[in-house]
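Novice: sequence and predicted structure, then a few things I'm wondering about:
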Amino acid sequence: MNIDIKTRILIIDDETSVCRFLRHSLEANKFDVSEGHTGNEGLQKVIEFKPDLVLLDYGLPDLSGIQVLERIREWSKVPIIFLTVRDAEEDKVKALDNGADDYLTKPFSVPELLARIRVALRHSKPEMDTPVFKTGKLEIDRSAHLVRLNGKEVKLTATEYSLLCLLAKHAGKVVPHRTILNEIWGPNAVEHDHYLRVYFSQIRKKFDSIVKDTDLVETESGVGYRLKIT
């Protein structure tokens, strides 16, 4: 994906050094960048700057990152990536459950940040309704109900296939446990995380029997699962 110079990114973070690092890195990659150093300033910038994506800090001097997220989500679907020093599972889950598209734990590398931005921007744009999903050596043909890895068919159960399609729908993004359980088994199953461990273990084994160490399905401990884009 070529990064358009008109793509606007808003940084909402009160740490000067972090803002300087992010601005330098993003402008070097042809993004148009603006900053808000408090929650309220950030909210105003969302209105004025009309960003294509927001990088949001968890801890701000006036509002929490979650409060800023909730207010933005009242009227905007702009992609939001949380940047946080917090690595507690409950913080990550709370951000995702309240509408964040992704999160990165500080410190992080610029290549990883850019990759997450590309994924979030790609998901924010309407996509052609195509039945075939591809990433790296993996191909999911929904019209034929087939999954291929390195050109070879992967024999999946109906539930395994549904789980993989759900991750593919949100490829590159973490899908929280509760979301997966609700989508596949319904609201009465949202507390049964052990279902996911069993089924994703089976999917990985089937992938590994064709291509060793594919690592396509990533576990975000205590949070959810992600289908890696390669």
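Specialist: Yes, it's here. Since we're looking at a predicted model, the values are computed, not measured.
Novice: so which residues of this protein form strands?
Specialist: 8-12, 32-36, 53-57, 80-84, 102-105, 132-135, 138-141, 146-149, 152-153, 175-176, 217-220, 224-227 (DSSP state E).
Novice: contact partners for T230?
Specialist: Residues counted as contacts of T230 (C-beta atoms under 8 Å, 6 or more residues apart in numbering) are 135-137, 216. For every residue, glycine as well, the C-beta is placed using N, CA and C.
Novice: could I get these as a markdown table with pLDDT and neighbour count?
Specialist: What follows is the contacts of T230, written out as a markdown table (pLDDT from 0 to 100; neighbours: other C-beta atoms under 10 Å):
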| residue | pLDDT | neighbour count |
| --- | --- | --- |
| T135 | 89 | 15 |
| G136 | 88 | 13 |
| K137 | 92 | 16 |
| L216 | 92 | 23 |
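Novice: out of these, which comes closest to D87?
Specialist: L216 (23.6 Å; C-beta to C-beta).
Novice: I figured that closest one was touching F207, is that so?
Specialist: Yes: between L216 and F207 there is a contact under C-beta atoms under 8 Å: 6.2 Å.
Novice: shared neighbours, these two?
Specialist: Joint contacts of L216 and F207 (C-beta under 8 Å, 6+ apart) do not exist.
Novice: for the residue nearest to the spatial centre of the chain, list the residues it contacts.
Specialist: The residue lying closest to the centre of the chain (C-alpha atoms, centre = their mean) is K173, at 2.6 Å. K173 is in contact with 101-102, 119-120, 123, 226, counting by C-beta under 8 Å, 6+ apart.
Novice: tell me the least confident of those?
Specialist: Note: of those, the lowest pLDDT belongs to H123, at 76.
Novice: that one: neighbour count?
Specialist: By the criterion of other C-beta atoms under 10 Å, H123 has 16 neighbours.
Novice: OK, contacts around it?
Specialist: H123 neighbours (C-beta under 8 Å, 6+ apart): 79, 101, 170, 172-173.
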